[in-house]
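Student: Compute the structure for the input listed below.
(chains A and B)
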Amino acid sequence: MNYDLCVIGGGPAGMAAALSAHELGIEKILIIERDHELGGILNQCIHSGFGLTTFREELTGPEYAERYIRMTEASGIDCSLNTMVTDIKGADEEGFCSITAMNGENGLFRIRSRAVILAMGCREKSRGALNIPGYRPAGIYSAGTAQRYVNIDGLLPGKKIVILGSGDIGLIMARRMVLEGAKVQCVAEIAPYSGGLRRNIVQCLDDYEIPLLFRHTVTKIHGKKRVSGVTISEVDENYSPVPGTEKEFECDTLLLSVGLIPENELSKAAGAKMDPVTQGPVVNERLETTAEGIFACGNVLHVHDLVDNVTKESVQAGRFAAEYILNGKKAWGEAKRPPIPKKEKNTIPEDLDRKRQVICIRCPNGCLVTADRKEDGGFEVSGNLCPKGREYIINEFTDPRRNISSIIRVENGRGPVVSCKTSSEIPKGKIGEVMKEVRLARAKAPVKVGDVLLKNVADTGVDMIATADMEEG
Amino acid sequence: MYDAVIIGAGVNGAAAARALSGYRLKLAVLERASDVCEGTSKANSGIIHAGYDAKPGTLKAKLNVRGSEMMEELSKELGFFYRRCGAFVVCFDEAGTEGLRELKKRGEKNGVKELRIIDGSEARELEPNLSKEVFAALYAPSGAVADPFGMNIALAENAAVNGAEFHFLTEVTGIERIEGGYRIFVKKTPSAAYEAVSKIPETLHIYDPETEYYDTKTVINAAGVYADRIHNMISAGKIGIVPRRGEYMLLDNTVGDYVGRTIFQLPGKLGKGILVTPTVHGNILVGPTAENLPDREDTGTSAKGLEKVKNTALLTAPELPLKEVITSFSGLRAHLETRAALKNREEEDVEGDFMLGEIPDAPGFFDMAGMESPGLSCAPAAGEYIAGLVRDLLRPEKDPGFHGKREAIPNMAVSSEDHRKELIAKDGRFANIICRCCTVSEGELVNAIRRPLGATTSDGLKRRTGAGMGRCQAGFCNPRAVEILTKELDITPGDVCKNDPGSEFLAGGTEYEL
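Tutor: Okay, the predicted model is just below:
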């Protein structure tokens, strides 16, 4: 099989790169995806917060994926699903890269392609990398594994949870577990700040009164068969546990959200030089790796903060690959490290005056907004970077509301659950009631994005609508 | 009535069972855990020692050299990984060379071949990552590594195929003498997975939760750290085992060639026995510590222990890439603290040796006790040895139907491209890679379940196929493994355990009542 461009990975990076190359006239494009559907990790990120720059609206992960899936399908780009790439080689003398892949349908096969774009994404750091002493019982999951269990498989990994690490995935999963009825005991963070967005500290922890313990880490795991608890200790400036500060927390589950690593086994096997700082391949200004004809974008290149930035970079990668295919190779030039997002170092100010101040959760900026009541009953608002902040804080003090994302069970679907969200905000005080109804609700496949799955949920006047498709199965 | 009941399905129990399964004998293996290889056998160095450590004349010495010699062929016959990578014992000063010479002499007496002492620079030529402080090394080319899980599983599986019954989740609670033998009382733990798997005939799994005892003519006690309790149930000559914990760290296979050989340190003031070794799975293993513990279940790791592993290993290889650690674990060796004489041997002769043989005041009751290092290296030979003693007593006929060869679980990771194609052509599930770190396919996982003594747990799958052993430590594949076990065994996801009942992965569906 010969292609002009072969994209490894059908997540947001792979689809954006393929579409971008396609727009520039590259016709024979193949996306190889190991899962049974396109979308990558977005499919399990059922919360909202995606697409603010790409689509200028706030979407859930599956919705963001769905838009790209539709564009990809409409473009006529070939997709090989359920297919595992086992080896990639850079361009040979005839100018063809070689990709070895396999799937149940075609067995093991080889593809020749003028160019390759690596878009395999990243993975989570595991417990082993932390070397936490204790037993190795069931009940220790990376936050992403737990997310898959809950949001894709419709299964609850535990009922009493401690979370180590306050990256965005950890924060998001804290809320998710609470919505599904589990108790989250605390989130422990070794640093004096969170690597997650400030809005997520507010809407995932504060909203549910989950304690966030800065400068704390898990120093022992208890329970031989299943986790029965953890010891959490304070750490000093060198992140070493301070003796005498140990506290025991009862839990049946420990979720780890301790960082992401680009997944570069294939890149390394292809001979691409790696950058120890990004843990991704070394690239030049055209996102070309040191392996001939092989480009890289998205989280395989370096871990991004937002999917919108993944898309942006991948569009460029698609363009550079298209130019390479159309115009032939240029001198490689110099290595250029892609701009690495500044590591978030967020806290909620301790002196936050909760009577008049909030952290706005409307966008990743997380502005600290202050509202003072004026004599005419209106508000004097300051600190907000945009009008949304004003609207948010006034609502927060008069009628606080939230959007909720969850899953609804599907009776005859290909998968057991479909993701959904509130069609508009519901009163914050009604979250519990809404979730109760959502948990009991059943949907019938086929489901399409936007379908109403539950009308007037908990008498809020708001519907639960599907955020993904679900075929019959 | 059984001819022989073997207590414990670790590597020694499995080796004994297999050695006896070639004869017309009714055999049962009783194991308190949910799978073979759940005690000491699962958490050790995976080393096949050359045989220079043990005191000449001991069973340890004889069985080690015999075990080391037979291992390669056995690994081919039974389909488990084995690699003769060679071993160094290094010392850090001139005084240490005396110790190396001592070891060499001992090894030669034991019959170890090709031992030689090399100086530091030659050692570094062969192992460039060795410390500059290494002064000299004893080089044992016959040192090897093996897959400790694979060996245990293969021995048990082959014993089962040849008629030995395996009863899992069966804990021995008491033993009584009866006419012509022994009655072994047991406590059974119920398990949905076992009930289900026993309905798949090819697994040969048995589910008999009602059984209260087994009657047998002879008993082999291969109960690991509990061997003293079993022994003391029947003999007046009490013995005592102290669990000796060893902690380890495992490094990612991306640095798997950091050393090519097993590097021991000469026991001395720098500590004892922290080794750095490649494994058959392509990782680097460092450890173990040695710490006597009161608790026979304490297989946890400790901050202190891991620190010690780290610091001591760095003496051997100062640049050891410890940021590539993917997991840490610990195992308990069954260290004999109090011995008793056996029928075939005098107590004075055997200080520090295995307790292998018949108990004088319990005819037909055989101990395999104190099987600490080099226990894995010795296991197949120890199994043969103890089986020989049982046969001397029972005088059974050979079983002409004995089939000693085991077909290994297909392995995509190590298969050639042509073999991969072949496997996928036969069953498309071999193209469906479940464990990305170690390239393990759905086909392999299904095979590991639907075969003799097939896996019923995710740990069982891991040890049979390597799924979940890689750098993500099952982050990606755990939900898939749970799904496959659910489907193949026809149980609910909530029934799937990591290992024994009580280690369920899930709290239920999200619809559960709170």
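Student: Can you list the low-confidence ranges for the stretch 401-514 of chain B?
Tutor: B:508-514 (pLDDT under 70).
Student: How about it: which residue is closest to chain A?
Tutor: B:G428 (2.8 Å; C-beta to the nearest C-beta). (Glycine included, C-beta is placed from N, CA and C.)
Student: Test my guess that that residue contacts A:N106.
Tutor: No: here B:G428 does not reach A:N106: they are 9.3 Å apart, not a contact under C-beta atoms under 8 Å.
Student: Which of the helices or strands spans B:L461?
Tutor: Here B:L461 sits within helix B:458-465, counting by DSSP states H and E.
Student: Up against chain B, what does the stretch 151-300 of chain A have?
Tutor: Applying C-beta under 8 Å from any C-beta of the partner chain, we find that the stretch 151-300 of chain A lies next to chain B at A:152-159, A:180-182, A:219, A:221, A:224-226, A:252-253, A:265, A:268.
Student: All the helices of the stretch 351-473 of chain A, residue numbers only.
Tutor: Here the stretch 351-473 of chain A has its helices, by DSSP state H, counting those that start in this stretch, at A:387-398, A:431-440.
Student: My error: substitute the stretch 101-250 of chain B in the last question.
Tutor: Going by DSSP H, counting those that start in this stretch, the stretch 101-250 of chain B shows helices at B:120-126, B:148-161, B:192-197, B:227-232.
Student: Which residue does the stretch 1-150 of chain B have closest to chain A?
Tutor: Counting by C-beta to the nearest C-beta, the stretch 1-150 of chain B gets nearest chain A through B:A43, at 9.9 Å.
Student: Please name the residues that touch that residue.
Tutor: B:246, B:248, B:299, B:329-332 (C-beta atoms under 8 Å, 6 or more residues apart in numbering or on different chains).
Student: go again using 7 Å as the cut-off
Tutor: Applying C-beta atoms under 7 Å, 6 or more residues apart in numbering or on different chains to B:A43 gives the contacts B:299, B:329-331.
Student: now A:S257
Tutor: A:143, A:163, A:165, A:167, A:169-170, A:173.
Student: Quickly name whichever of those residues is closest to B:A15.
Tutor: A:A143 (42.7 Å; C-beta to C-beta).
Student: Sitting in strands, which of the residues of the stretch 151-300 of chain A next to chain B do you find?
Tutor: Using DSSP state E, the members of those that fall in strands are A:155-156, A:219, A:221, A:253.
Student: Quick one: the residues you listed as JSON lines, columns for distance to B:K462, neighbour count and pLDDT too.
Tutor: Formatted as JSON lines, these follow (distance: C-beta to C-beta, whole Å; neighbours: other C-beta atoms under 10 Å in any protein chain shown; pLDDT from 0 to 100):
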{"residue": "A:L155", "distance to B:K462": "20", "neighbour count": "27", "pLDDT": "94"}
{"residue": "A:L156", "distance to B:K462": "23", "neighbour count": "23", "pLDDT": "94"}
{"residue": "A:T219", "distance to B:K462": "26", "neighbour count": "22", "pLDDT": "94"}
{"residue": "A:I221", "distance to B:K462": "19", "neighbour count": "24", "pLDDT": "94"}
{"residue": "A:T253", "distance to B:K462": "20", "neighbour count": "27", "pLDDT": "97"}
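Student: Show me which pair in those is furthest apart.
Tutor: A:L155 and A:T219 (29.2 Å).
Student: Only whichever of the residues of the stretch 151-300 of chain A next to chain B are buried, select them in PyMOL.
Tutor: In PyMOL, this line selects whichever of those come out buried by 16 or more other C-beta atoms under 10 Å in any protein chain shown:
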select buried, chain A and resi 152+153+154+155+156+157+158+159+180+181+182+219+221+224+225+226+252+253+265
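Student: what sits up against stretch B:429-447?
Tutor: Outside stretch B:429-447, the residues touching it (C-beta under 7 Å, 6+ apart) are A:82, A:84, A:102-104, A:107, B:409-413, B:423-424, B:427, B:461, B:465-472, B:476-477, B:480-481, B:484, B:488.
Student: what about that stretch, how long is it end to end?
Tutor: 10 Å (C-alpha to C-alpha, to the nearest Å).
Student: With stretch A:119-130 instead?
Tutor: Stretch A:119-130: ends 27 Å apart by C-alpha to C-alpha.
Student: got the contact list for that stretch?
Tutor: A:7-9, A:11, A:13-14, A:17, A:40-41, A:140, A:142, A:144, A:256, A:258-263, A:266, A:297-300, A:303, A:314, B:325-328, B:472-473, B:475-476.
Student: So which of these sit within helices?
Tutor: Mapping the contacts of stretch A:119-130 onto helices (DSSP state H) picks out A:13-14, A:17, A:144, A:266, A:314.
Student: Next, count neighbours for the nearest residue to B:E176 once chain neighbours are set aside.
Tutor: The shortest distance from B:E176 to any non-neighbouring residue, by C-beta to C-beta, 6 or more residues apart in numbering or on different chains, is to B:R183 (4.5 Å). Residues near B:R183, counting by other C-beta atoms under 10 Å in any protein chain shown, number 17.
Student: And the pLDDT for B:R183?
Tutor: Looking at B:R183, its pLDDT reads 98.
Student: wait, isn't it in contact with B:E212?
Tutor: No: contact criterion C-beta atoms under 7 Å: B:R183 and B:E212 do not qualify, at 9.7 Å.
Student: who's in contact with the closest residue to chain B within chain A?
Tutor: Residue nearest to chain B within chain A: A:G104 (2.8 Å; C-beta to the nearest C-beta). For A:G104, the contacting residues are A:82, B:428-429, B:431-432, by C-beta under 7 Å, 6+ apart.
Student: Show me which of those is closest to B:D3.
Tutor: Of the contacts of A:G104, the one sitting nearest to B:D3 (C-beta to C-beta) turns out to be B:R429, at 40.2 Å.
Student: That closest one belongs to a helix?
Tutor: Yes: the assignment for B:R429 (DSSP: H, G, I helix; E, B strand; the rest coil) places it in a helix.
Student: Would you mind measuring from it to B:L445?
Tutor: Distance, B:R429 to B:L445, using C-beta to C-beta, to the nearest Å: 8 Å.
Student: Between these two, tell me which one has more neighbours.
Tutor: Taking neighbours as other C-beta under 10 Å, B:R429 and B:L445 compare with B:L445 leading, 29 against 18.
Student: Tell me the secondary structure at the more buried one.
Tutor: B:L445 - assigned by three-state DSSP - is helix.
Student: Extract the residue ranges of chain A that are flagged as low pLDDT.
Tutor: Across chain A (using pLDDT under 70), the flagged ranges come out as A:129.
Student: What's the local residue count around A:P211?
Tutor: Using other C-beta under 10 Å, the number of residues around A:P211 comes to 11.
Student: bridging residues for the closest residue to it other than its chain neighbours?
Tutor: In space, A:P211 comes closest to A:C186 once its chain neighbours are excluded; the distance is 4.4 Å by C-beta to C-beta, 6+ apart. Applying DSSP bridges to A:C186 gives these bridge partners: A:V162.
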